[in-house]
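**Student:** Below is the sequence, then the predicted model.
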Amino acid sequence: MPSYKLLEHRFTFKGNFAYAADCIRHSLDMMGYTESETEEADLYVYNHTARDLEPDMPENSIIFKPTAPTSKHFQICKRGYANSSEITFYEPFYDWRKVKQEEWNEIEDMVERRANKWDDSIMLKWPDAENVKKDHILIIGQMPEDETVMGFGFGNHWDKMCQIIQKLNDRNNLVIKLHPRIRKASHRIRDINKSIERWEEAGHQVFSGYESIHSVLPYTKVAITENSTSGIECMMHDVPIISYGYPDYHWITKDLRILTRLNEYVDNTSWFNVSTSRKFLTWYIFDYLCCDIPSTMKRLEELL
């Protein structure tokens, strides 16, 4: 019998990591694998990393990482996770897909219950954002030290976001949704609170707490992000996305390389195709991601 080894390499198996690890373990058991009691195995299972970061990673390895849209969803890939995963570099076959009504009903149910990748936490509460500006331009902030923007991306996320806000500074419909942990980084990001004060003085609306993005997106004209998983939630609301990073969903976003094109892309969103966006989203959630034993077995059979 082939054997496997689950490695608590980056994160210990707690919460959604434990759920994903259990799904993988049970699926491999059902596929005829046995869990190795030594360091030797026919398959190694890593978490929250990329092959490029692991010079000693055996060729016979896979990587998993919990992700949106819920705390039960996770990605499995041979190359990495998020914007280091295989689907970032090789366009998946999603455009052939027909969006089933029952699938879209399930997505609408996720929206209704304010689903997110931390929705199993008993500690975190997700209140609705209040008095959200109508028909706004949404700037989505990320944690500047997160690996997807510092290590996969080229860094300086905060500076890039600030430049985008400055480029749109004269507009009266700007909403800035910062990462809920961003204020804890105030000792690492110079003048973060002053930046927020300056934006608010300019008339921009800033959310820096745990407000649910699902209560913001119904009023969003267009969203701008580097590579946040909030892009998945944008798709759930049929919101056009401008991305200035290289997310794994960049196939359905407007790729912003130069700031001089920003206003044009914001004012004219004819580049957005809601049908294509929905096809990618339903493929991503229902055909690609794992969330239980059957979907995990299906994905593992594709990879192994």
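**Tutor:** Arrived safely, thanks for sending.
**Student:** for the stretch 151-300 of the chain, which spans come out with low pLDDT?
**Tutor:** Residues of the stretch 151-300 of the chain meeting the criterion pLDDT under 70: 183-190.
**Student:** need the helices for it, in chain order.
**Tutor:** Listed from the start of the chain, the stretch 151-300 of the chain has helices (DSSP state H, counting those that start in this stretch) covering 157-167, 192-201, 230-236, 262-267, 274-282, 293-303.
**Student:** Quick one, which of those helices gets closest to residue 28.
**Tutor:** helix 293-303 (6.8 Å; Cβ to Cβ). C-betas here are computed from N, CA, C, even on glycine.
**Student:** got a list of contacts for that closest one?
**Tutor:** Here helix 293-303 makes contact (Cβ atoms under 8 Å, 6 or more residues apart in numbering) with 23-24, 26-28, 30-31, 62, 76-78, 288-290.
**Student:** so how far is that helix off the chain centroid?
**Tutor:** 21 Å (Cα atoms, centre = their mean, to the nearest Å).
**Student:** Now it: buried residues?
**Tutor:** Neighbour-count burial for helix 293-303, counted by 16 or more other Cβ atoms under 10 Å, picks out 295, 296, 297, 299, 300.
**Student:** One more: stretch 104-114?
**Tutor:** 107, 110, 111.
**Student:** okay if I get those residues as TSV plus secondary structure and distance to residue 210?
**Tutor:** Putting the buried residues of stretch 104-114 into TSV (DSSP: H, G, I helix; E, B strand; the rest coil; distance: Cβ to Cβ, whole Å) gives the following:
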residue	secondary structure	distance to residue 210
107	helix	22
110	helix	18
111	helix	17
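**Student:** who's in contact with the residue nearest to the spatial centre of the chain?
**Tutor:** In the chain, the centroid-proximal residue (Cα atoms, centre = their mean) is residue 229; its distance is 1.6 Å. Shown in contact with residue 229 (Cβ under 8 Å, 6+ apart): 67, 68, 82, 117.
**Student:** Which two among those are spaced furthest apart?
**Tutor:** The span of the contacts of residue 229, defined through Cβ to Cβ, is set by 82 and 117 at 11.6 Å.
**Student:** Give the intersection of the neighbour lists for these two.
**Tutor:** 67, 229.
**Student:** quick one, strands of the chain?
**Tutor:** For the chain, the strands defined by DSSP state E occupy 3-6, 34-35, 43-47, 61-66, 74-77, 136-140, 174-177, 205-207, 220-225, 241-243, 254-255.
**Student:** packing partners for the third one?
**Tutor:** Right, the one you point to is strand 43-47. Packing partners of strand 43-47 (3 or more Cβ pairs under 8 Å, 6 or more residues apart in numbering; DSSP states H and E): strand 3-6, helix 15-30, strand 61-66.
**Student:** Quick one: mean pLDDT over the last one.
**Tutor:** So that's strand 61-66. Strand 61-66 carries an average pLDDT of 97.
**Student:** List the strands paired with that strand, with their directions.
**Tutor:** Strand 61-66 sits in its sheet next to strand 43-47 (parallel), strand 74-77 (antiparallel), going by DSSP bridges.
**Student:** what's the closest of these to residue 131?
**Tutor:** strand 74-77 (35.1 Å).
**Student:** Give me the contacts around the closest one.
**Tutor:** By Cβ under 8 Å, 6+ apart, the surrounding residues in contact with strand 74-77 are 16, 19-20, 23-24, 62-67, 81-82, 85-87, 288-291, 296, 299-300, 303.
**Student:** Need the buried residues of helix 293-303 in a markdown table (columns: distance to residue 136).
**Tutor:** Output for the buried residues of helix 293-303, formatted as a markdown table (distance: Cβ to Cβ, whole Å):
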| residue | distance to residue 136 |
| --- | --- |
| 295 | 35 |
| 296 | 38 |
| 297 | 42 |
| 299 | 37 |
| 300 | 42 |
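**Student:** Closest to residue 57 out of these?
**Tutor:** Residue 57 lies nearest to residue 300 out of those, by Cβ to Cβ, at 17.8 Å.
**Student:** Counting neighbours, go ahead and name the busier of residue 82 and residue 117.
**Tutor:** residue 82 (23 against 20; other Cβ atoms under 10 Å).
**Student:** And for the nearest residue to that one once chain neighbours are set aside, the neighbour number?
**Tutor:** Distance criterion Cβ to Cβ, 6 or more residues apart in numbering; nearest residue to residue 82, sequence neighbours excluded, is residue 148 at 4.9 Å. Residue 148 sits with 22 neighbouring residues when counted by other Cβ under 10 Å.
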